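Asks: Sequence and predicted structure are below.
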Amino acid sequence: MVIAGALLSGCAAAVPAASSGAGLLGQQQASAHTQTSVNLAEGNFVLVKTNVVGSSKGFSLLGLIPIYPARLTKAMDRLYVKAEIQVGTPKTLAHLVTEHSSTYWILFSIPEITARADVVQFNPRTEPDKGARQIPAPKPGDGS
């Protein structure tokens, strides 16, 4: 009776059943968030590609029973291939966004995970040669 009263009265403290941590049929929704901060305000990078996309599609029976799930790892692998990022190169992803969506039909649904990012390449730091002689730039109005 308390649950019915909370649902009918619109109690904001009641947690919806879908957000209780366990998904439908006892499967838990995987969620990971890691963050690496890189300072892009120093001008030590070049934008190589924008809006590079990698995606993974799955298949669910009746929209509830996952037969072939969409995988974030597959979407990220496809994103890295399209971004042409290889080990040992100074390229990385910036502004990474992941989107989860599904298309529902009568007897099935097609879940999709899309990863989208920009590719930046870092320039090596160049130190001025300490043995080189600095030639001062001429001052404006100097006449020479």
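Replies: Now that the structure is in, tell me what you want to look at. Computed from a predicted model, the values in this text were never measured in an experiment.

Asks: and the longest helix for the chain?
Replies: helix 72-83 (DSSP state H).

Asks: Give the bridge partners for Tyr104, please.
Replies: Ser109 (DSSP bridges).

Asks: quick one, what contacts Val52?
Replies: 79, 82-83, 93, 116-119 (CB atoms under 8 Å, 6 or more residues apart in numbering). C-beta here means a position set from N, CA and C on the backbone, and glycine is covered the same way.

Asks: looking at the chain, which helix or strand is least sure?
Replies: Using mean pLDDT, DSSP states H and E, the weakest-scoring helix or strand in the chain turns out to be helix 2-9, at a mean of 38.

Asks: and whichever helix or strand comes after that one, which strands flank it?
Replies: Next helix or strand after helix 2-9 toward the C-terminus (DSSP states H and E): strand 45-57. Sheet partners assigned to strand 45-57 using DSSP bridges are listed as strand 108-122 (antiparallel).

Asks: Could you give the average pLDDT over the strand it pairs with?
Replies: With pLDDT averaged residue by residue, strand 108-122 scores 93.

Asks: how big is the angle separating it from helix 72-83?
Replies: 50 degrees (axes from the mean of the first three to the mean of the last three CA atoms, to 10 degrees).

Asks: Counting neighbours, which bits of strand 108-122 end up buried?
Replies: 109-120 (16 or more other CB atoms under 10 Å).

Asks: ditto for stretch 43-59
Replies: By neighbour count on 16+ other CB under 10 Å, the buried set for stretch 43-59 is 45, 49, 52, 54-58.
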